[in-house]
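*Asks:* Okay, here's the prediction I keep looking at, along with the sequence it came from:
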Amino acid sequence: MSVLSNKVAIITGASSGIGCATAKLFAREGACVVLAARRKPELDALVDEITRAGGCAVALAGDVREEAFAQALVELAVGHFGGLDIAFNNAGTVGEMGATPELPLAAWEETLRTNLSSAFLGAKYQLPAMLERNGGSLIFTSTFVGYTVGLPGMAAYAASKAGLIGLTQSLAAEFGARGVRVNALLPGGTDTPLGRAFASTPEALAFVQGLHALKRMASPEEIAKSALYLASDASSFTTGTALLADGGVS
Ligand code: NDP
């Protein structure tokens, strides 16, 4: 029996990178997956791929910054598959980088909106659906940046992602007694469009690789395995934690 049999999982940021790899892995492990991102063609292609492989998937294109979208995703999971057990709130952006004195307030707020407020909105609608099933696993994709290493020019990104750790601990304490586990996943540099945009020159790539004890970037499939651990019963006594999958950064 696959580890996510009979489970329903929302995965945001599924059109690319870590979310896409996680969607495929969760579906292979038996979950019915509800895929979200703004780019509909990429989502439709992923639904096709999962379905052709014998899996179970639907998608909804939209923007995680919008409250109506957070609500619609949960309604889709409940309406289509009968409930919700797992939510991997993974959509994110590096946002505008640069020296803090030059960073416009609007850019700071936009990064927080995409990375942090979207997680609040997701949780706001996902938690009641999980409570209906007497439990669940809520996961937020944070980052090693601002946790194991501070990097110049990334204040808004680091702050938004560190906020997810506070959200994680609060929700874990608030909902643990009712069976919902809440954890943050902290990937290191990962070979995705987002990761490659940061490591866009040979020098920048070497810098990112050199940050990690393993001296390379992760593949999205490796990070997906950590998401599977947090989603599954393998982590049944793990909640409120910040799980590093950062290849060793100190
Ligand atoms: P990708 O660029 O491959 O994926 C980002 C995903 O987020 C896309 O599917 C994108 O979809 C979605 N997304 C972004 N903004 C929105 C939005 N407003 N509404 C809906 N979906 C949105 O990058 P990764 O896979 O690397 O990133 C996934 C997560 O991992 C992010 O939260 C990132 O911060 C985090 N992370 C990444 C690291 C790395 O080195 N790559 C390291 C540590 C953490 P679309 O454009 O179709 O909307």
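*Replies:* Right, received. Where do you want to start? Owing to the predicted nature of the structure, the values given are computational and were not obtained by experimental measurement.

*Asks:* Could you list the single helix or strand in this protein with the lowest mean pLDDT?
*Replies:* In the chain, the helix or strand scored least confidently by mean pLDDT, DSSP states H and E is helix 193-198, which has a mean of 92.

*Asks:* Identify each buried residue in the very next helix or strand once past it, please.
*Replies:* Next helix or strand after helix 193-198 toward the C-terminus (DSSP states H and E): helix 202-211. Residues 205, 208-209, 211 are the ones in helix 202-211 that count as buried (16 or more other Cβ atoms under 10 Å). (C-beta placed from N, C-alpha, C; glycine too.)

*Asks:* Kindly report the same for stretch 179-188.
*Replies:* For stretch 179-188, a neighbour-count test (16+ other Cβ under 10 Å) marks 180-188 as buried.

*Asks:* just the residues you listed that are near the ligand?
*Replies:* By Cβ under 6 Å from any ligand atom, the members of the buried residues of stretch 179-188 lying near the ligand are P187.

*Asks:* Same list, the buried residues of stretch 179-188, but as CSV with pLDDT please.
*Replies:* Output for the buried residues of stretch 179-188, formatted as CSV (pLDDT from 0 to 100):
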residue, pLDDT
V180, 98
R181, 99
V182, 99
N183, 99
A184, 99
L185, 99
L186, 98
P187, 98
G188, 98
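
*Asks:* The buried residues of stretch 179-188 in strands, which ones?
*Replies:* Counting by DSSP state E, the buried residues of stretch 179-188 place 180-187 in strands.

*Asks:* any chance of those residues in JSON lines, plus distance to E132?
*Replies:* Shown next, in JSON lines, are those (distance: Cβ to Cβ, whole Å):
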{"residue": "V180", "distance to E132": "11"}
{"residue": "R181", "distance to E132": "16"}
{"residue": "V182", "distance to E132": "17"}
{"residue": "N183", "distance to E132": "21"}
{"residue": "A184", "distance to E132": "24"}
{"residue": "L185", "distance to E132": "25"}
{"residue": "L186", "distance to E132": "29"}
{"residue": "P187", "distance to E132": "30"}
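
*Asks:* Among these, which pair sits farthest apart?
*Replies:* Largest separation among those by Cβ to Cβ: V180 and P187, giving 22.6 Å.

*Asks:* pLDDT score for the residue positioned nearest the centre of the chain?
*Replies:* For the chain, the residue lying nearest the average C-alpha position, counting by Cα atoms, centre = their mean, turns out to be N90 (1.8 Å). Looking at N90, its pLDDT stands at 98.

*Asks:* got the contact list for S160?
*Replies:* 95, 111-112, 114-116 (Cβ atoms under 8 Å, 6 or more residues apart in numbering).

*Asks:* one step back: among the ones in strands among the buried residues of stretch 179-188, which one sits closest to P41?
*Replies:* Among those, P187 lies closest to P41 (Cβ to Cβ), at 25.5 Å.

*Asks:* got the contact list for the nearest residue to the closest one once chain neighbours are set aside?
*Replies:* Spatially, and ignoring its direct neighbours in sequence, P187 is nearest to I223 (4.6 Å; Cβ to Cβ, 6 or more residues apart in numbering). Residues near I223 by Cβ under 8 Å, 6+ apart: 18, 21-22, 185, 187, 190, 245.

*Asks:* Please flag which of the residues you listed sit within helices.
*Replies:* Judged by DSSP state H, helices contain the following of the contacts of I223: 18, 21-22.

*Asks:* can you give me the helices in this protein?
*Replies:* 17-28, 40-52, 67-81, 105-112, 118-132, 155-175, 193-198, 202-211, 220-231.

*Asks:* how much distance is there from the second one to the middle of the chain?
*Replies:* Its chain's average C-alpha position is 19 Å from that of helix 40-52, according to Cα atoms, centre = their mean, to the nearest Å.
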